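Colleague: pasted the sequence and its predicted model underneath.
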Amino acid sequence: MTSPQQTTPVPFQPLDEDWQTALAVVAHPDDMEYGAAAAVARWTAQGKRVVYVMATSGEAGIDGMDPERCRTVREREQIESAALVGVDVVEFLGHPDGVVEYGLPLRRDIARAVRRHRPEIVITTNFRDTYGGVFPNQADHIAVGRATLDGARDAGNRWVFQELVAEGYEPWNGVRQVWAAASPDARHAVDTTDHFHLGVASLKAHKAYLEGLGGEMADAHGFLETTGRAAGERLGVRYASSFEVLPLR
């Protein structure tokens, strides 16, 4: 009896790091920390500027905590977490946690943020239906990731969301690529070996959330060790963060 043939994962290609400003738009506090924060620490150490935008405040994320109290706690934890990797601007759009809807209001808010911060790279998280065809993705991740891709394009079109021009936000066509962290369609990665410890620290900063979460994903070091090593093997380094790259021009 022969054993099933095993395929070797395709090696990752290095990300293009010839840029200076990035905008990260994700659904919840903690989304960047599950794999991408160490990459952000690398980039800010290079002198790059990264801004965080959260579609929600994660107020529905802790079962034993009232949403209004949870909102305050999670916003504070996210700001503290971001600071550990060199991010000093964190914005919250105020969409309702757990029931974010893809649509024009969300696209408009993201387009406004892109025009305001004028990034070359826009970062989000996996918006595919699953993680590697195994675990279903969460609805907010899908909605925000897809709206981020569209909002990044909307930001460059004067005739989409014309009210933004009236608000003083001129179109911005400078977004070169959108990067989706932890996507099953990732083909690129960045070496985070020297900044892995900062990625772990940034996830641990979500103390109340991790305590409420429990399980394997509450083990910040263990979870990031597993995913970081898996990506690192495909890039030929110890630790890495993987991204799906979607060119806009």
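Modeller: Received it, and whenever you're ready, just let me know what you need.
Colleague: from the contact counts, what lies against the strand ranked longest in the chain?
Modeller: Identified as the longest strand of the chain according to DSSP state E is strand 240-247. The criterion is 3 or more C-beta pairs under 8 Å, 6 or more residues apart in numbering; DSSP states H and E, and the helices and strands that strand 240-247 contacts are strand 177-181, strand 188-191, helix 220-235. Heads up, the C-betas are built off the backbone N, CA and C, glycines and all.
Colleague: return the most buried member of these.
Modeller: By mean neighbour count, with neighbours taken as mean count of other C-beta atoms under 10 Å, strand 177-181 ranks first of the helices and strands packed on strand 240-247 at a mean of 24.
Colleague: and the average pLDDT for that strand is what?
Modeller: On average, the pLDDT along strand 177-181 is 98.
Colleague: residue contacts, the nearest residue to residue 218 once chain neighbours are set aside?
Modeller: Leaving aside its sequence neighbours, residue 218 sits nearest to residue 210 (C-beta to C-beta, 6 or more residues apart in numbering; 4.4 Å). Residues near residue 210 by C-beta atoms under 8 Å, 6 or more residues apart in numbering: 203-204, 218, 220.
Colleague: save these as a markdown table, and put in distance to residue 246, secondary structure and pLDDT too.
Modeller: Output for the contacts of residue 210, formatted as a markdown table (distance: C-beta to C-beta, whole Å; DSSP: H, G, I helix; E, B strand; the rest coil; pLDDT from 0 to 100):
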| residue | distance to residue 246 | secondary structure | pLDDT |
| --- | --- | --- | --- |
| 203 | 25 | helix | 98 |
| 204 | 30 | helix | 98 |
| 218 | 31 | helix | 93 |
| 220 | 28 | helix | 97 |
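Colleague: how about these in a markdown table, adding distance to residue 234?
Modeller: As requested, these are exported to a markdown table (distance: C-beta to C-beta, whole Å):
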| residue | distance to residue 234 |
| --- | --- |
| 203 | 22 |
| 204 | 26 |
| 218 | 26 |
| 220 | 22 |
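Colleague: neighbour-wise, which one of the residues you listed leads?
Modeller: Of all the contacts of residue 210, residue 203 has the most neighbours under the rule other C-beta atoms under 10 Å, reaching 27 neighbours.
Colleague: can you give me the distance of that residue to residue 163?
Modeller: Distance, residue 203 to residue 163, using C-beta to C-beta, to the nearest Å: 37 Å.
Colleague: before we move on, back to that, of all the helices and strands packed on strand 240-247, which lies closest to residue 73?
Modeller: Nearest to residue 73 among those is helix 220-235 (17.3 Å), distances taken as C-beta to C-beta.
Colleague: what segments of the chain are strands?
Modeller: Secondary structure of the chain, counting by DSSP E: strands at 13-14, 21-26, 49-54, 90-92, 121-125, 130-131, 135-136, 177-181, 188-191, 240-247.
Colleague: touching the fifth one from outside, list them.
Modeller: With contact meaning C-beta under 8 Å, 6+ apart, strand 121-125 is reached by 19, 21-27, 31-32, 34, 36, 50, 114, 141, 144-145, 148-149, 152, 175-183, 243.
Colleague: please pick the buried ones from those.
Modeller: Applying 16 or more other C-beta atoms under 10 Å to the contacts of strand 121-125, the neighbour count classes 19, 22-27, 31-32, 34, 36, 50, 114, 141, 144-145, 148-149, 152, 175-183, 243 as buried.
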